[in-house]
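Visitor: I'd like to go over a predicted model; first the sequence, then the structure.
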Amino acid sequence: MSSNPMHLPRVYGLLAEFERPEELVEAARRAREAGYRRMDAYTPFPIHGLSDALGFGRTKLPLVVLAGGLIGCATALGMQWFSTTIHYPINVGGRPLASWPSFIPITFELTVLFAAVFAVLGMLGMNGLPMPYHPVFNAPRFAFASRDRFFLCIEAKDPLFNERSIRAFFESVGAREVVEVEE
Amino acid sequence: MSRAVQPGRGGPPVIEPGHTYATVTDKISSIVLARRTPLFWVLGFFASFTLTMVLLGAISYLLAKGIGIWGVNQPVGWGFAIINFVWWIGIGHAGTLISAILLLLRQEWRTSINRFAEAMTLFAVACAGLFPLLHMGRPWLAYWLLPYPNTMALWPQWRSPLVWDVFAVSTYASVSLLFWFVGMIPDLATLRDRARRKGFQIFYGMLAMGWRGSALHWYRYETAYLLLAGLATPLVISVHTVVSFDFTIGIIPGWHSTIFPPYFVAGAIYAGFAMVLLLAIPLRAVYGLQDFITMRHLENMAKILLATGLIVGYGYVIEAFMSWYSANPYEGYMIGNRMRGPYAPVYWSLMLCNIVAPQFLWFKRVRTSPPVLFGIAVVVSIGMWLERFVIVVTSLHRDFLPSSWGMYFPTIWDWATFVGTIGLFLALMFLFIRFLPMISIFEMRTLVPEAGPLAMQPIPEHSVAGEEG
């Protein structure tokens, strides 16, 4: 906080509250058109088209899950093949040691298990969760973001960040209330 | 608009009119955050906890004395433990079917029942998992089932369906837990924000992991949830298939049959939907949730019960037909012994419960009457338990050599363990409905009329986007 001589809390961004999801999506789209880039919306349920309106790219999560599935598949097949042919081969009436058809059920199960674990940990990790503290929770009415209100936050990191012009912008798109969020 | 549910189409609504985001949120979260615990909850939890103590006593005595206290012996080495294992694990399947398969099929009505059906899955799998462990005789050596580096350099037998079962059931339990927990994260954040008491705020705050409803988070969350549903769908079918392999890979008459996997999966869904009805009908009554779990839900579940009941009935008929058509004397004797042997009353009760009882569901008046549906669900649950009894016991007690025939009778400890797991299951369900949201709040918000076409069910509806663009 040495860069802040007056010990005032630094500003994280400006948070606008909307009553309807359509208003939020419209505001997000127009904010992007106006050139704002560092922003995020907070909603009580997933809203169609919102991440596109905010300009977020496609998530890489499916690739993470695919990698998890392949690792699980390789682990299971490799473990069964290694144990039956190299580590502890047992000759049962001359039957093949690498009897792959009977390895399929476990291979399938471990593929699913690894893919599911990667999906959950990948989603949490990319989202930066668990995150016990986040500045937006300082906004007085932010608890309604998990009930029935829709929020749009333009962050102070945005190159075009200017409190007065953003307030004017939020009012022009019909924000119900605009508050400053402290870091 | 391709939303599956519109007013005036497809019968009664999935959510009664007049609800908003706020009323849906407040109604469901107030069940958990209420200061006063309802009296029926205290009484119900006390009763089920008492039965859990019976289970604890039965297990303690088993550990002290060994599985000789059970009725299992030669030739019937698989008694109640396996019957109950298959019964419980089958019940779990309806939860995954509702949460994953109906999600992929865009059945919006699943939304209000998926959460507690998933909880039911978890608790049923927990009860199921106890039985094979206890049946091993030395449950403290259960880790021998898993591949781990050991001084004997030994590995599990990968070619055995019993080892496949270990992997199938433990994967199923883990993925069900992940699916259930991930589905609950946004609702835990809602509870964190609604809770007034410090302790609850910390409890739900820790579980919600700082979820704040960010648009980018929702996008990844939806992707992860959809992928989990896609992974859970083949998984749920594989689990009961592998359970049926425990039987079909053996050469015992009545087990060695290719119809077992599909017939077991259908039976699992049949038993599972009966259990969902058994839980949903009292829950909606005592918590006044008729607005969310509507007649439409009960009717749809009744239809699934009827459909899977017919598949199971087909399985019984084919079993009998094949034992004649195969001209195998042991198979022929097996079915005759089921119908006329010492366990014939069990066989015929099974037919009555599983083939005759669901036929009443053809009538709309039956499907829309909660008490009658509850009664049919009880009968079906008993019927599915009897089915496993018939499969396990009648095939084993008289197989090839008459000199090795015998009878199986459960002891008081078999019954105590079985009844005890019902208590454990109910006790866990009671804790769940008291401390966690039993209906998915955020998904219910997408169903209220004001949400409109922008509200996204966990499957992105591209047709909607196309019309907007």
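Guide: Happy to help now that I have it.
Visitor: where in chain A is pLDDT low?
Guide: A:1-9 (pLDDT under 70).
Visitor: show me where it has its helices.
Guide: Using DSSP state H, the helices found in chain A span residues A:21-33, A:50-53, A:61-82, A:104-126, A:163-172.
Visitor: now the ones you listed as TSV including mean neighbour count and distance to B:Ile59?
Guide: C-betas here are computed from N, CA, C, even on glycine. Output for the helices of chain A, formatted as TSV (neighbours: other CB atoms under 10 Å in any protein chain shown; distance: least, CB to CB, whole Å):
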stretch	mean neighbour count	distance to B:Ile59
helix A:21-33	20	52
helix A:50-53	22	50
helix A:61-82	18	32
helix A:104-126	22	27
helix A:163-172	14	62
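Visitor: B:Leu39 and chain A, how far apart?
Guide: Per CB to the nearest CB, to the nearest Å, B:Leu39 is found 29 Å from chain A.
Visitor: any idea which residue of the stretch 1-150 of chain B lies closest to chain A?
Guide: Taking CB to the nearest CB, chain A has its nearest neighbour within the stretch 1-150 of chain B at B:Tyr21, 3.6 Å off.
Visitor: gap between the residue nearest to that residue when sequence neighbours are not counted and B:His19?
Guide: Among residues not flanking B:Tyr21 along the chain, A:Asp148 sits closest, at 3.6 Å (CB to CB, 6 or more residues apart in numbering or on different chains). Shown here: A:Asp148 relative to B:His19, a distance of 11 Å by CB to CB, to the nearest Å.
Visitor: how is chain A carved up into domains?
Guide: A:11-59+A:133-182, A:61-126 (automatic domain parsing).
Visitor: take those and write them to a markdown table, including distance to B:Arg434.
Guide: Formatted as a markdown table, the domains of chain A follow (distance: least, CB to CB, whole Å):
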| stretch | distance to B:Arg434 |
| --- | --- |
| domain A:11-59+A:133-182 | 21 |
| domain A:61-126 | 26 |
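Visitor: so for B:Ala195, which of the ones you listed sits nearest?
Guide: Across the domains of chain A, the minimum distance to B:Ala195, taken as CB to CB, is reached by domain A:11-59+A:133-182, at 10.2 Å.
Visitor: and the closest one, end to end?
Guide: Distance between the two ends of domain A:11-59+A:133-182: 5 Å, counting by CA to CA, to the nearest Å.
Visitor: rewinding a little: residue contacts, the residue nearest to B:Tyr21?
Guide: Counting by CB atoms under 8 Å, 6 or more residues apart in numbering or on different chains, A:Asp148 makes contact with A:Pro44, B:Thr20, B:Tyr21, B:Ala22, B:Thr25, B:Arg445.
Visitor: mind running it again at 10 Å?
Guide: With contact set as CB atoms under 10 Å, 6 or more residues apart in numbering or on different chains, A:Asp148 has these partners: A:19-20, A:44-45, B:20-26, B:445, B:448, B:450.
Visitor: B:Gly213 contacts A:Phe137, correct?
Guide: No: contact criterion CB atoms under 10 Å: B:Gly213 and A:Phe137 do not qualify, at 11.1 Å.
Visitor: now do the shared contacts for the two.
Guide: Joint contacts of B:Gly213 and A:Phe137 (CB under 10 Å, 6+ apart) are A:Ala145, B:Asp193.
Visitor: higher neighbour count, those two?
Guide: More crowded of B:Gly213 and A:Phe137, by other CB atoms under 10 Å in any protein chain shown: B:Gly213, with 25 against 14.
Visitor: nothing else from me, thank you.
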